[in-house]
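# can you look at this prediction? I've put the sequence above it.
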Amino acid sequence: MVVTAKAADGKELGKVERHYHPQATNCRDFKMKYGAQWKVANLRDTSLQPGQAKKETIEFELPEGVRNADVTIELFYEASNPDNKYPIHTVTRKVSLDK
Amino acid sequence: MRFLKLILVLLFIAVPLVASADKAKTIDELAKMYDSSSCKGCHEDIYTQWEKSHHARPLMGVKGGLMLSPLAAKKGTDGATAFSEDDPKKMKIKNYPCFKCHLPQAITSAEDSVAVELTEALLAKDKVKIAKLQITCIVCHNTKAIIHKRELGEPEKGVIYSTKDMGAHPGGKIKKSAIFKDSIYCGQCHGLGPNLEFDQPFQCANLYGSYLHSYVSGGGTQTCQDCHMQKGDHLIAPNWNDDKGTSELLAKAISLDVQTLGYEWLRKAKTYVPKVVVSTKITTTAGHRIPDG
C-alpha cells in the first residue's frame, strides 16, 4: 500500500508505504530471503490475516501555507518481483483545513 | 535343489522388469505416464480451465520465470543453491525437493536420469520441454487421492478417484476418495511451514498452515474447494499470468476502507501544526493469509 499526499501544485508532501507479507530468513543470519530455495522459516508476518482487519493511521504534517492536500491510497499486489504489479484499489481524497 | 534353482531364475527375470516398467527414464516417458489429454474429448470445459491453471505449469514460475533454474545452476556459480551440483549429470530426483509439491509423480515414478535431463533443459532454457511436466488430471485424481495408505493402500493404477463411486467410466473406473472434498487434499501441496524432512530445510507455500491456524481457529468452516472450485471449476484462480482477471478477483476479495481528516493540532500554546490524517482498514474474504510465500 502506498499513501501519497500532494499539494495543489502537485508537489509531494509525503509518501508512506506499508508492506504486507510473510518474511523469512534462512535461520543462519538475519537477512530476509526471497525464493523457496533460500527461505527456511518466517521471522515476521505482516500479511493480511483471515477475519482480521489490517488498520493503519498515517499522519502528514503540512508545510506552512499549505491548507489543501490531495491524498492517494494505492493498494496493489506484487507477485515474484516489485515490477509485476496487480492493482487492487486506488482511492483519492481531497482534504482541506478550511471549512 | 531344482526348486531353489527355479526361484532364482524367476527372480532374475522379475527384478529388471519391475524396475524398468515402473519408472520413467526421460521427461517424455514421465509426461506420457501421466498424460491426461484423453480426458479432453469428454471433459472439455474442465480441461480448458485446467490448461490455464498454475497446476498445468508447475515448473514454469509466474510468467515463465523457470523457477527451478537456481537449483540447476552449477555449484559455485552465481545464484547456485544448496541443492545444486557441479555437474548436471550428478543431479538426482532428491536434488529437487520442490517435486514434493510441484511434481509429485517425479518422486514416485521417475529415475534420476529425468533430473539430469531436466537440469540440462533448465540450463538451456528449453521451456517447451519443461512445460511437458504438469500436475495433470491423473496426478490429482489418482496419485494424490489417498493419504490413509496404511488403511486404504496405494492408489490403484488406472483408477480415477473423485468425490463419489461411479464404477465403469471411459477414462478408467471411478472410485471415491475419502478426502476429495476436504481441505487436507489441497493441503498436501499447499504447505504447513518449513519442510523439515529434507537434509536442508526450506520453505515455499505455507498457506495450509495459515488456513488451519488462523482461519479454522477463528471459526472458519469453508474448505478450499468451497471457495476455489465452485461448480467444479478447475482454473482454481488466481491465475497470475492473467493480469486483468487477477486484479478483478483481488478487488472483490480485498476491501479497502479509507477515512481522512484535516485539522490543526495544537502542539503547545500558539503552535498549530496543520495535519492530514489518513486511516485505512483492509479486510479480506480469504480463508488464509494473503499473500502467501
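Done, it's in. Numbering: from 1, shown residues only, chains lettered A, B, ... in the order given.
# so who does the closest residue to chain A within chain B touch?
Here chain B gets closest to chain A at one residue, B:C204, 3.6 Å apart by CB to the nearest CB. Yep, even glycine has a C-beta here, placed from its N, CA and C like the rest. For B:C204, the contacting residues are A:36, A:39, B:98, B:101, B:191, B:195, B:293, by CB atoms under 8 Å, 6 or more residues apart in numbering or on different chains.
# ok, so of those, who is nearest B:S183?
Distances from B:S183 to these, taken as CB to CB, are shortest for B:G191 (12.4 Å).
# what about the nearest residue to B:D112 once chain neighbours are set aside, distance to B:A110?
Spatial nearest neighbour of B:D112, chain neighbours left out: B:K92 (4.3 Å); criterion: CB to CB, 6 or more residues apart in numbering or on different chains. For B:K92, the distance to B:A110 equals 10 Å [CB to CB, to the nearest Å].
# show me which of the two is the more surrounded one.
Neighbour count, other CB atoms under 10 Å in any protein chain shown: between B:K92 and B:A110, B:A110 has more, with 25 against 14.
# bridged to that one, which residues?
B:A110 has these beta-bridge partners by DSSP bridges: B:A24.
# likewise A:K85?
A:E78.
# wait, it touches A:V2, no?
No - proximity of A:K85 to A:V2 does not meet the contact threshold set by CB atoms under 8 Å, at 10.7 Å.
# A:S47 - how many residues pack around it?
For A:S47, the count of nearby residues is 21 (other CB under 10 Å).
# for the helix or strand encompassing B:E120, name the packing helices and strands.
If you go by DSSP states H and E, B:E120 is part of helix B:112-123. In terms of contacts (3 or more CB pairs under 8 Å, 6 or more residues apart in numbering or on different chains; DSSP states H and E), helix B:112-123 is packed against helix B:27-33, helix B:69-72, helix B:127-130.
# highest average neighbour count across the ones you listed?
Mean neighbour count (mean count of other CB atoms under 10 Å in any protein chain shown) peaks for helix B:69-72 among the helices and strands packed on helix B:112-123, with a mean of 21.
# check the offset of stretch B:263-272 from the chain's centre.
Chain-centre distance of stretch B:263-272: 57 Å, with CA atoms, centre = their mean, to the nearest Å.
# could you work out the end-to-end span of that stretch for me?
End-to-end distance of stretch B:263-272 (CA to CA, to the nearest Å): 9 Å.
# contacts (any at all) between chain A and it?
Yes - applying CB under 8 Å from any CB of the partner chain, one finds stretch B:263-272 in contact with chain A at B:263-264.
# which outside residues touch that stretch?
A:97, B:273-275, B:277.
# quick check: buried residues in it?
Buried residues in stretch B:263-272, counting neighbours by 16 or more other CB atoms under 10 Å in any protein chain shown, are absent.
# and what of stretch A:89-96?
For stretch A:89-96, a neighbour-count test (16+ other CB under 10 Å) marks A:89, A:91, A:93, A:95 as buried.
# what's the closest of those to B:I147?
For these, the nearest to B:I147 is A:H89 (39.3 Å; CB to CB).
# from B:P70, how far out is whichever residue of chain A sits closest to chain B?
Closest residue of chain A to chain B, CB to the nearest CB: A:A36 (3.6 Å). Relative to B:P70, A:A36 is positioned 9 Å away (CB to CB).
# what's the answer for A:A8, then?
49 Å.
# coming back round to it: can you list the contacts of stretch B:263-272 in CSV and add secondary structure, distance to B:I174 and neighbour count?
Listed next are the contacts of stretch B:263-272 as CSV, based on DSSP: H, G, I helix; E, B strand; the rest coil; distance: CB to CB, whole Å; neighbours: other CB atoms under 10 Å in any protein chain shown:
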residue, secondary structure, distance to B:I174, neighbour count
A:L97, coil, 69, 16
B:V273, strand, 71, 13
B:P274, strand, 70, 18
B:K275, strand, 66, 17
B:V277, strand, 60, 16
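# just for chain B, where's the confidence low?
Applying pLDDT under 70 to chain B picks out residues B:1-21.
# show me the strands in it, by range?
B:160-162, B:174-176, B:254-268, B:271-284 (DSSP state E).
# cool, chain A as well?
Counting by DSSP E, the strands of chain A are A:2-6, A:12-17, A:22-25, A:41-45, A:54-61, A:68-78, A:85-96.
# mind putting those into CSV with mean pLDDT and distance to B:D35?
As requested, the strands of chain A are exported to CSV (pLDDT from 0 to 100; distance: least, CB to CB, whole Å):
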stretch, mean pLDDT, distance to B:D35
strand A:2-6, 93, 46
strand A:12-17, 94, 47
strand A:22-25, 96, 36
strand A:41-45, 97, 37
strand A:54-61, 97, 44
strand A:68-78, 96, 34
strand A:85-96, 96, 33
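# can I get those in CSV with distance to B:V216?
Below are the strands of chain A laid out as CSV (distance: least, CB to CB, whole Å):
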stretch, distance to B:V216
strand A:2-6, 33
strand A:12-17, 32
strand A:22-25, 18
strand A:41-45, 17
strand A:54-61, 20
strand A:68-78, 24
strand A:85-96, 26
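# and those strands: which comes nearest B:G219?
strand A:54-61 (19.1 Å).
# CA atoms of that closest one as PDB?
These are the backbone C-alpha positions of strand A:54-61, laid out as PDB (Å, rounded to 0.1, in the frame of the first residue of the first chain):
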ATOM      1  CA  LYS A  54      -5.500  -4.500   9.000                       C
ATOM      2  CA  LYS A  55      -5.700  -0.900  10.300                       C
ATOM      3  CA  GLU A  56      -3.200   1.900   9.800                       C
ATOM      4  CA  THR A  57      -3.200   5.600  10.800                       C
ATOM      5  CA  ILE A  58      -0.900   7.700   8.700                       C
ATOM      6  CA  GLU A  59      -0.300  11.400   9.500                       C
ATOM      7  CA  PHE A  60       1.200  14.000   7.300                       C
ATOM      8  CA  GLU A  61       2.300  17.400   8.600                       C
END
